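Q: Pasting the sequence and the predicted model now:
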Amino acid sequence: MATVQPIPGDRREPLSLQVHAMDNLQYIRETMERAASFTAVPGWGVLGIGLSALVAAAIAWRLGREQWLLTWLAEGAFAMCLGALAMKRKADAAGVPALSPPARRFVLSFAPPFLAGALLTLSAYRAGDFNEIPGIWLLLYGAGVVTGGAFSVRVIPVMGLSFMLTGAIALCTPPAWSTALLAAAFGGLHVVFGFVIARKYGG
């Protein structure tokens, strides 16, 4: 009596597919981990921004209100340019696009608080209320860093919260403290956190 024999086949194929799938999953996991640890703000660039803010504070210390405001606005423009150049340099060194998905998310999250700060600054200027401007700048800059930092390394949101705390202090202290608080935050905090970012996360 004839017996039914199974059709010979390559039993290694399912195993091969499984190994291939596991390799793909490992690659995806490593890619996501690298993306999650991307810091949109390069450390040495942040440190440079802090040093430039200390220079601006030294210049603005004894200026009148109009010149004081212009000095800090010029510093803000310089800081944005320096930050953008430093971010591009870091991205080029890492071989990734300057506007990679994590960087785009950081910028888009940072933009609304930044725009709100610009509009509130204009409103305060038109009302002649210069005393509130430092608190507005520090609070909203810090809020932007916190929201953008949700897509970056852990130290970035901590830096943002430090700015927000300094902004809250600025709203409760005499106007004479304004330049000192701006120097401590835009200068000191940027220098400290920039150094930490550069040492822990490279560049």
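A: All right, it came through fine. Because the structure is predicted, anything quoted here is derived from the model rather than measured.
Q: contacts and neighbour counts: CA atoms only from here.
A: Fine.
Q: quick one: the longest helix seen in the chain to chain centroid distance?
A: Scanning the chain for the helix with the most residues, using DSSP state H, yields helix 65-94. With CA atoms, centre = their mean, to the nearest Å as the basis, helix 65-94 stands 13 Å off its chain's centre.
Q: now swap in stretch 188-203 and tell me
A: From the chain centre to the centre of stretch 188-203 is a distance of 12 Å (CA atoms, centre = their mean).
Q: Please save the CA atoms from the helix or strand containing residue 160 in PDB.
A: Assessed by DSSP states H and E, residue 160 sits inside helix 155-172. Output of helix 155-172 as PDB, limited to C-alpha atoms (Å, rounded to 0.1, in the frame of the first residue of the first chain):
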ATOM      1  CA  VAL A 155      18.200  68.600  29.800                       C
ATOM      2  CA  ILE A 156      16.500  70.900  27.300                       C
ATOM      3  CA  PRO A 157      13.100  71.100  29.100                       C
ATOM      4  CA  VAL A 158      15.000  71.600  32.400                       C
ATOM      5  CA  MET A 159      16.800  74.600  30.900                       C
ATOM      6  CA  GLY A 160      13.400  75.900  29.700                       C
ATOM      7  CA  LEU A 161      11.900  75.600  33.200                       C
ATOM      8  CA  SER A 162      14.900  77.400  34.600                       C
ATOM      9  CA  PHE A 163      14.200  80.300  32.300                       C
ATOM     10  CA  MET A 164      10.500  80.300  33.300                       C
ATOM     11  CA  LEU A 165      11.400  80.400  37.000                       C
ATOM     12  CA  THR A 166      13.700  83.400  36.300                       C
ATOM     13  CA  GLY A 167      10.900  85.100  34.400                       C
ATOM     14  CA  ALA A 168       8.500  84.600  37.300                       C
ATOM     15  CA  ILE A 169      11.100  86.200  39.500                       C
ATOM     16  CA  ALA A 170      11.500  89.100  37.100                       C
ATOM     17  CA  LEU A 171       7.800  89.900  37.300                       C
ATOM     18  CA  CYS A 172       8.000  90.200  41.000                       C
END
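Q: between the next helix or strand after the longest helix of the chain and helix 65-94, what angle do the directions make?
A: Proceeding N to C from helix 65-94, the next assigned helix or strand is helix 101-127, under DSSP H and E. Helix 101-127 runs at 180 degrees relative to helix 65-94, counting by axes from the mean of the first three to the mean of the last three CA atoms, to 10 degrees.
Q: Beyond helix 101-127, next helix or strand please.
A: By DSSP H and E, the next helix or strand past helix 101-127 is helix 133-149.
Q: relative orientation of that following helix and helix 101-127 in degrees?
A: Helix 133-149 runs at 160 degrees relative to helix 101-127, counting by the same axes, to 10 degrees.
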